[in-house]
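Next one to model:
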Amino acid sequence: MQKARRRGRELALYALYAFEMTKNPLEQITKEVIETEEKNEGIISFAEELAKITISHSKDLDQLIERWAHNWEFSRIAIIDKLILRMAISEFLYFEDIPPKVSIDEAIEISKKYSTEQSGKFINGILDSVLNDLKNLGQINKTGRGLNDGKS
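This is a model prediction of the structure:
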């Protein structure tokens, strides 16, 4: 499942990047980007859901990123880094079955593949801060085995 979810995250990143660059309808982008690249329905479904949720909550996600991107002008953060951060925070908030540590680890690994050498540390720092903030506000709601013990 780990490899399938990674593939889904990468496809969601492609779709989010295409959306950011073109502002074409998400349905068109998912057909062109996700469905032509992948045949596994589970991966397609995860990628499309992650992209849709990330886009629909992007303003709120960006506010969280801005709050914790100390010493960085939001507009100067690399677009790929912003998209990876948005996806991981979406997983924190809207994917109850994904442990936050998995979301962070995946975001770091994807940033190593698609962004700069320094992106992993930057993304890790922002996501740790956002996660702690969300936990303190009681906004992390994880269910399932090993997810609801308060240690996520």
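
The closest residue to E37 other than its chain neighbours: which element?
Closest residue to E37 in three dimensions, ignoring its sequence neighbours and counting by Cβ to Cβ, 6 or more residues apart in numbering: L11, at 6.0 Å. No exception for glycine: its C-beta is placed from N, CA and C like everyone else's. Taking DSSP states H and E as the criterion, the element that holds L11 is helix 2-22.

before we move on, what about G138?
Applying DSSP H and E as the criterion places G138 outside every helix and strand.

Quick one: neighbours of it, just the number.
For G138, the count of nearby residues is 7 (other Cβ atoms under 10 Å).

if you skip the residues just before and after it, what's nearest to the residue nearest the centre of the chain?
What sits nearest the mean C-alpha location of the chain, by Cα atoms, centre = their mean, is M87, with 1.3 Å. Closest residue in space to M87, ignoring its immediate chain neighbours: T54 at 5.3 Å, by Cβ to Cβ, 6+ apart.

Assess the claim that that neighbour and L61 are in contact.
Yes - between T54 and L61 there is a contact at 7.0 Å, judged by Cβ atoms under 8 Å.

Need the overlap of contacts for the two.
86, 90 (Cβ atoms under 8 Å, 6 or more residues apart in numbering).

ok so, going back, remind me which helix or strand the residue nearest to M87 belongs to.
Secondary structure (DSSP H and E) places T54 in helix 41-56.

circling back to that earlier point, settle this for me: the residue nearest to E37 is touching I43, isn't it.
Yes - using Cβ under 8 Å, L11 makes contact with I43 at a distance of 7.0 Å.

Much appreciated, bye for now.
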